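> Below are the sequence and a predicted model; questions follow.
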Amino acid sequence: MYTPSPSLFRGNNLIKLMTIVCDVCVSNVLFLFLRTLFERAGHDCMIHLGDTKMIVILTLCYLIASMKVGMVLYKRKVLLYEVLVQVLKTVSLFGLIFGMVVAFGAIMKVRTLFFMVFLTAFLVAALLVRITLRLLVIYFRRRGRNLQHVVLVGSSRSIRELYHELTDDGGNGYHVAGYFDDLPNDKLSASTLYLGTPEEVNEYLSQHPEVTNLFCGLHSSDSERIIHILDYCENHLVHFYSVPNLHNYLHNRMYLSSVGDVPVLSLHNTALERADNAFLKRLFDIVFSLLFLCTLFPVIFFVVAIITKLTMPGPIFFRQKRNGLNDKEFYCIKFRSMKVNKEADTLQATKNDPRKTRWGEIMRKTNIDELPQFINVLMGDMSVVGPRPHMLKHTEEYSKLIDKYMVRHFVKPGITGWSQVTGFRGETKELKDMEGRIRGDIWYIEHWSFLLDLYIIFKTLTNALGGDQQAY
């Protein structure tokens, strides 16, 4: 029995070790540097331990946090967003553990200001270190180091698309040796070597021990050939991956899950279907909306009510039926920004809409008109962050024109959303504008995380303070 060369695994472990060592060094150097800086400025940090003990405590706290969160730098395909999320998780958990040691260990006291400055500096430094290391990993992989050697079996459309996913970016670190099929397929890249028929796979693998990954895209009717290859891979430490060809009836990304012991493929990976994520999001919605409604909202309501009554006759609030979770209808509450009109439920606001007043335009530019929707959030009809709810007429029309439009109703609508902070807010003059908004909504549903919600809220606030040019 052949055992693959451990060089690849050593390379991945080396990347992990380098990340840990760099982070430990950065945290310790920063802590000692900032302590010296604070003390020279006349601020007592209240740390009465020797440097050696301090370094040991910091290192242990970081190692615990790092082991819990894990690493992503060594993986083949990593987005900058994923690196940022991992650093935020690691530093946050590190700060929590270190804070608990300080608070309950009774071994020292640390000033809050110093502690917050240290964590912020460590967050920025750790992010820069991770990005630098990731760039180095990409650099070495593009020069043939830390590669995973792969063969493909079959040449279906799925296999051809997989080939491009593996090879288009050399930084992913894959080397595709070639493919096996009954006949050569000219639809595959000319640079892809035809290695023979599926019956020749096992012999090839025995002669090329550097190949540690096999992706099989044969049809299910070839079960005997597949099992023959699979058995060889299992007995010779070659990773076997089955690549189903679903393009005859599906054209989008699929997600693997299971019902009991039965594997199933789903069209969307909705993180909010998990009970813990849904609970976290709902808890945040309740706390955030309650804090706002009990503090700032009464003052804002008082000012808006006076100016609205002075500038345009009619009610202060505007209620409109919109589509929410699972297409359930609800009344969306807003501050009224237009004159009372019969087209409010059918005609979308435009840039120079004559129905708007000067005060209404100011409210829309600064998002003030959306603030009563925190009442909807508290009632459970909406979330702070999510796809923006559309009026019933728009849902009826666009669901017939835009493919996958209704997917956005798998989650609660939000006061703000990913599409709104990435350029798809306001009037949809052309169908492509709404299509862009829907793509953003679906991306949000499939990539949801609590940190992403916080980022969207931050972007919304900065856009509001700067005056959103697309808000009309």
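Ah, there it is.
> residues near F450, how many?
14 (other CB atoms under 10 Å). Any C-beta I mention is one placed from the backbone N, CA and C, and that applies to glycine too.
> Quick check: closest non-adjacent residue to it.
L280 (5.9 Å; CB to CB, 6 or more residues apart in numbering).
> Verify the stated contact: that neighbour with S449.
No - the pair L280 and S449 fails to qualify as a contact (CB atoms under 8 Å) at a distance of 9.9 Å.
> The lengthiest helix in the chain packs against which elements?
Using DSSP state H to assign secondary structure, the helix with the most residues in the chain is helix 7-40. Here helix 7-40 is seen to pack against helix 51-69, helix 112-142 when contacts are counted using 3 or more CB pairs under 8 Å, 6 or more residues apart in numbering; DSSP states H and E.
> The following helix or strand past the first one: which residues count as buried?
Once helix 51-69 ends, the next helix or strand along the chain (criterion: DSSP states H and E) is helix 80-105. Going by neighbour count (16 or more other CB atoms under 10 Å), the buried part of helix 80-105 is 83-91, 93-95, 97-98, 101-102.
> nearest to G154, of the helices and strands packed on helix 7-40?
For G154, the closest of those is helix 112-142, at 25.9 Å, according to CB to CB.
> Beyond the closest one, next helix or strand please.
Along the chain past helix 112-142, the next helix or strand (assigned with DSSP H and E) turns out to be strand 148-153.
> now the angle between helix 112-142 and that next one, please.
Using axes from the mean of the first three to the mean of the last three CA atoms, to 10 degrees, the inter-axis angle of strand 148-153 relative to helix 112-142 is 60 degrees.
> quick one: strands adjacent to strand 148-153?
Looking at strand 148-153 with DSSP bridges, its paired strands and their directions are strand 174-180 (parallel), strand 211-216 (parallel).
> Going by neighbour count, list what's buried in the first one.
Of the residues in strand 174-180, those buried by neighbour count under the rule 16+ other CB under 10 Å are Y174, H175, V176, G178, Y179, F180.
> could you redo those residues as JSON lines and give each row distance to T311?
Rendered in JSON lines, the data for the buried residues of strand 174-180 read as follows (distance: CB to CB, whole Å):
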{"residue": "Y174", "distance to T311": "63"}
{"residue": "H175", "distance to T311": "68"}
{"residue": "V176", "distance to T311": "66"}
{"residue": "G178", "distance to T311": "73"}
{"residue": "Y179", "distance to T311": "70"}
{"residue": "F180", "distance to T311": "74"}
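> Same list, these, but as JSON lines with distance to A121 and pLDDT please.
Supplementary listing: the buried residues of strand 174-180 in JSON lines, determined by distance: CB to CB, whole Å; pLDDT from 0 to 100:
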{"residue": "Y174", "distance to A121": "37", "pLDDT": "86"}
{"residue": "H175", "distance to A121": "40", "pLDDT": "88"}
{"residue": "V176", "distance to A121": "43", "pLDDT": "90"}
{"residue": "G178", "distance to A121": "50", "pLDDT": "91"}
{"residue": "Y179", "distance to A121": "50", "pLDDT": "92"}
{"residue": "F180", "distance to A121": "53", "pLDDT": "94"}
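> which of these lies closest to T422?
Y174 (30.3 Å).
> so what's that closest one closest to, chain neighbours aside?
Of all residues beyond its chain neighbours, the one nearest Y174 is L166 (4.1 Å), with distances taken as CB to CB, 6+ apart.
> tell me the mean pLDDT for the longest helix of the chain?
Averaged across helix 7-40, pLDDT comes to 76.
> Where is pLDDT lowest across the buried residues of helix 80-105?
The minimum pLDDT among the buried residues of helix 80-105 falls on V102, with 73.
> Please tell me the pLDDT value assigned to the residue lying closest to N376 once chain neighbours are set aside.
Leaving aside its chain neighbours, N376 sits nearest to M382 (4.1 Å; criterion: CB to CB, 6+ apart). pLDDT recorded at M382 is 96.
> My understanding was that M382 contacts E370; is that so?
No - contact between M382 and E370 fails when scored by CB under 8 Å: they sit 10.4 Å apart.
> neighbour-wise, which of the two wins?
Taking M382 and E370 together and counting by other CB under 10 Å, M382 has the greater number of neighbours (27 against 22).
> Distance of the more buried one relative to N463?
Separation of M382 from N463 (CB to CB, to the nearest Å): 19 Å.
> Just give me the neighbour total for K400.
Every residue meeting other CB under 10 Å relative to K400 is counted, giving 8.
> Could you grab the helix/strand/coil label for it?
helix (DSSP: H, G, I helix; E, B strand; the rest coil).
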